[in-house]
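Sequence first, then the predicted structure:
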Amino acid sequence: MKQIFVIVVLISIFARLQAQQTISGTVTDGHEPLAGANVFLRGTMDGCLTDSLGRFSFTTAQRDSFPVTVTYLGCEDFNHVYTATKDIHIRMRSTSATIGEVVVTGSSFSFGNGNAKSLKALDIVAEGSSCGDIVAALQTLPGSQKVGEDGKLYVRGGSSEETQTFINGMHVLEPYTAGAQNTASRGRFSPFLFKGIQYSLGGYGGEYGQALSAVLPMETTDRCNYDKFGLSASLLDWNAGGTKVWKNSSLSFNTTYMDLWPYTKLFPGRYQWTRPYQDLSGEIQYKADLGANATWKTYMGYDRSHVGNIDDARHFNLWQDNVYLNSTIKCNFSHGWLGFGGMATSFVWDNINEALSADDRFKRFRSEVHLKAKLQKIFSSWWMASMGVEDYIRNYKLNYTDTVSSKFNQQYNMPAVFIDTQLKLLRELFLSVSARGEFFSICNQWRIMPRATLNWYPLKVLKTWVSMGSYSQTPAMTFTALQWSDILPAVSTLKQSIANHAILGLQWSLPKTELRVEGYLKKYNHLPWFSGNGYTATGRGTSKGIDLYIEDHSLLPNLSTRLAYSYCDAHRLWLNDTKECMPSFTSRNNIRLSIKYGIGHFFIGVVDSYASARHYAERRTPPYNSVDLSLTWLANTRTIIYTSWNNVLNRHNIFAYEQGRTIDSDRNSLFYIGVFISLKSNKAYDISNF
């Protein structure tokens, strides 16, 4: 039977290869060949990069007409529909950068072009260790820490709460799914919801506040122009979604049910689950063009999560309800002004039985209203500016019952104003200067935070930058749920926590290779610290290090490799520390090697992650290491099959120590398989839930 199966698979692959057509040709600027130009067919995954002589060649299952697009840094995009497939000669037209085309973002990353790191949905799905999770994919980048017991983003020596998520410029109060203690959370949002995901590890402008270390701004897809419907299923979740289109608007929906009960039955782990993780979520998006000069986007998501396990004779049981609503409008006014207005609301209810001890009860309610208005204008080819106002209105309610009952209720708001100015000083020199003023109503205190980034392009392939800035965050956002019952009553005596960033970086971009080196220094002040008589704003800390990132496509055709190395030396006096020490969530050295190889419509991914020991009062953890594999198969233009196997060497990784016991994952390895099917769509390889 095995031999028959192998023969059938080989025959089907051979038949598919026979049905494919080869598209080949050259790309030049009219004089010289352009190496590293991106040539692809619009609406498909078919394409390649040109070689050192400007030549390209790839296969496709497309028939009759071939909509070719070519992109190259410093040139206008080329678009043309061909009927012949051989000896195509393409001439690119160069452009000169203006202030509107150069985004000075400081410590951001780029997978392919521009200054900002932009992750596409299929990049995330095909990442070897991600299992389709945005947060897990971002953890393969330099600057992030591997903290396996909660799975959240820890950036450059900062806690996970210091990285804040924004959707369409609006804040998300709780971007992670709920989970049991010492189990990894996932990001709440599907990667297919977004047209691009930017990740800034520091040095961001005045528009973003309440984030000490990093921001994760994500932009949802634009209005769709065709109906679609799709289904997906995996060992962990089931999904259905689609879009209905009208003349100037579209309505999308997506619903997901996740239940780990079948997986825990098939692959039992170390934990005793009374209710393996279960989540029911739904999302709705409405997008409309309001005439020729305005667009409106509205998104609403709801999650209902439940999980329970037995831990130290405690029957931990958690329910969480999470509601997020986001509505934004962009308008083009006269004289070149661009306006933006947005509103976002978040409501999160947590209900935990036996949270800290047997028979206790922990109830928490969090809410936030975020309002923002912004104006932007490109005044000339060398000057662009934006300004805005916003307000965060927050409410926290806590009720903890054990032998006694303690309650806490707090409301506060943080209005802010910001201005960003970008200047083209010279042909190769760009400067961004911004300032943010923020008011903290609890302390009745204003704080002005200046920020600046200077980008210099001495060569076409070389970019350097230096960035400095001041950032703040309310102390209430830097504590875990089960610590808040002790700390929140003291918030009124605390100040905003402060982090001052200094960043120096260099990027060398060759046609098929990118090298990036960045050094940073962060100094923390006014961190909350228990001095013996209560919590005060006398905590402090530093974090310094260097990040190295190499992305290469030159070793073999269809092979891409990424190497990320981070060195982080962090110390802080924080929370219940008795002396300034290395935070327990920090590893001094982190290395990640990612390899992706394409064979026809198959993409093989390998990720090797290593993190040095983490320090605890009792002892140090062993180093962390995991080798993860993935296989993505573009089965046809309507079906994508993704499989992954995390920690294939079955290494027993210890994440932390707590009261003399080890903290590790439920199981050493995780196997995942997902099938994404588009039932109604006129675009190849389009995931149809949005």
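Noted; the coordinates are in hand. On a predicted model such as this, the values are computed, not experimentally measured, just so you know. Residues are numbered from 1 along each chain as shown.

When you work out contacts or count neighbours from here on, use the C-alpha atoms and nothing else.
OK.

Okay, domains of this protein per the record?
Residue ranges for the domains of the chain, per automatic domain parsing: 16-91, 121-680.

could you redo those as a markdown table and give each row mean neighbour count and mean pLDDT?
As requested, the domains of the chain are exported to a markdown table (neighbours: other Cα atoms under 10 Å; pLDDT from 0 to 100):
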| stretch | mean neighbour count | mean pLDDT |
| --- | --- | --- |
| domain 16-91 | 17 | 80 |
| domain 121-680 | 19 | 86 |
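
which stretches of the stretch 501-650 of the chain form strands?
Taking DSSP state E, counting those that start in this stretch as the test, the strands found in the stretch 501-650 of the chain are 513-530, 535-552, 559-573, 589-599, 602-611, 624-636, 639-646.

If the nearest residue to Asp289 once chain neighbours are set aside is in a bridge, with which residues?
Nearest residue to Asp289 in three dimensions, chain neighbours excluded: Thr295, at 4.5 Å (Cα to Cα, 6 or more residues apart in numbering). Going by DSSP bridges, Thr295 is paired in beta bridges with Asp289, Lys330.

Now do the helices in the protein.
Along the chain, counting by DSSP state H, helices occupy 2-19, 121-126, 134-138, 261-266, 484-487.

Does anything pack onto the lengthiest strand in the chain? Which helices or strands?
Counting by DSSP state E, the longest strand found in the chain is strand 405-426. Secondary-structure packing of strand 405-426 (3 or more Cα pairs under 8 Å, 6 or more residues apart in numbering; DSSP states H and E): strand 383-401, strand 429-440.

centre of the chain versus the shortest one, how much separation?
Read that as strand 429-440. Relative to its chain's centre, strand 429-440 lies at 23 Å (Cα atoms, centre = their mean, to the nearest Å).

neighbouring strands for that strand, and are they parallel or not?
strand 405-426 (antiparallel), strand 445-459 (antiparallel).

so which of these comes closest to Leu631?
Nearest to Leu631, of all those, is strand 445-459, at 38.3 Å by Cα to Cα.

Distance to Tyr392 for the strands paired with strand 429-440 - can I get that in CSV?
Below are the strands paired with strand 429-440 laid out as CSV (distance: least, Cα to Cα, whole Å):
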stretch, distance to Tyr392
strand 405-426, 5
strand 445-459, 14
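
Nearest approach to Ala570 belongs to which of these?
The nearest among the strands paired with strand 429-440, by Cα to Cα, is strand 445-459 at 22.6 Å.

what separates the residue lying closest to Asn576 once chain neighbours are set aside from Asn636, distance-wise?
Residue nearest to Asn576 in three dimensions, not counting chain neighbours: Phe530, with 5.4 Å by Cα to Cα, 6+ apart. According to Cα to Cα, to the nearest Å, Phe530 and Asn636 sit 59 Å apart.

who wins for proximity to Lys596 among the strands paired with strand 429-440?
Going by Cα to Cα, the one of the strands paired with strand 429-440 nearest Lys596 is strand 445-459, 29.5 Å.

And the contacts of the closest one?
104-106, 203-206, 428-440, 463-471 (Cα atoms under 8 Å, 6 or more residues apart in numbering).

gap between that strand and the chain center?
In terms of Cα atoms, centre = their mean, the centre of strand 445-459 is set 23 Å apart from its chain centre.

contacting residues around Gly157?
So Gly157 contacts Gln145, Ser543, Cys568, Asp569, Ala570, Pro583, Thr586 (Cα under 8 Å, 6+ apart).

my bad, Leu510
Val461.

that older thread, most widely separated two among the contacts of Gly157?
Gln145 and Ser543 (13.0 Å).

can you list residues touching both of the two?
Residues within reach of Gln145 and of Ser543 at once, by Cα under 8 Å, 6+ apart, are Arg156, Gly157.

returning to that earlier point: output the helices and strands packed on strand 405-426 as CSV; include the columns distance to Ser65.
Listed next are those as CSV, based on distance: least, Cα to Cα, whole Å:
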stretch, distance to Ser65
strand 383-401, 41
strand 429-440, 42
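
Of all those strands, which one is nearest Arg270?
Nearest of the helices and strands packed on strand 405-426 (Cα to Cα): strand 383-401, 29.2 Å.

My read is that Thr345 contacts Asn326, right?
Yes. Using Cα atoms under 8 Å, Thr345 is in contact with Asn326, at 6.6 Å.

Find the residues that touch each one of these two.
With Cα under 8 Å, 6+ apart, Thr345 and Asn326 have no common neighbours.

Look up the closest residue to Asp222, ignoring the ones flanking it.
Nearest to Asp222 is Lys287, by Cα to Cα, 6+ apart, at 7.2 Å.

any chance of the strands of the stretch 501-650 of the chain in TSV, plus distance to Asp420?
Listed next are the strands of the stretch 501-650 of the chain as TSV, based on distance: least, Cα to Cα, whole Å:
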stretch	distance to Asp420
strand 513-530	22
strand 535-552	26
strand 559-573	30
strand 589-599	34
strand 602-611	37
strand 624-636	41
strand 639-646	42
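
Let me know which of the ones you listed is the nearest to Thr60.
Of all the strands of the stretch 501-650 of the chain, strand 624-636 comes closest under Cα to Cα, at 11.2 Å.

That closest one pairs with which strands?
strand 602-611 (antiparallel), strand 639-646 (antiparallel).

And these: which comes nearest Gly341?
strand 639-646 (37.0 Å).

ok now the closest one, how far from the chain's centre?
20 Å.

likewise stretch 148-161?
13 Å.

cool, stretch 305-322 as well?
So, by Cα atoms, centre = their mean, the centroid of stretch 305-322 is 27 Å from its chain's centroid.

and what of stretch 376-388?
Per Cα atoms, centre = their mean, the centroid offset for stretch 376-388 relative to its chain is 28 Å.

which residues are in contact with that stretch?
In contact with stretch 376-388 (Cα under 8 Å, 6+ apart) are residues 98-100, 207, 336-339, 372-375, 417-425.

ok, the residue nearest to Asp222 - contacts?
Each residue near Lys287 by Cα under 8 Å, 6+ apart is listed here: Asp222, Arg223, Ser249, Ser250, Leu251, Thr295, Trp296, Lys297, Thr298.

Isn't the fourth one up against Lys228?
Spelled out, it's Ser250. No. Shown here, Ser250 and Lys228 do not form a contact pair, counting by Cα under 8 Å, at 10.8 Å.

Identify the contacts common to the two.
Between them, Ser250 and Lys228 share the contacting residues Thr243, Lys244, judged by Cα under 8 Å, 6+ apart.
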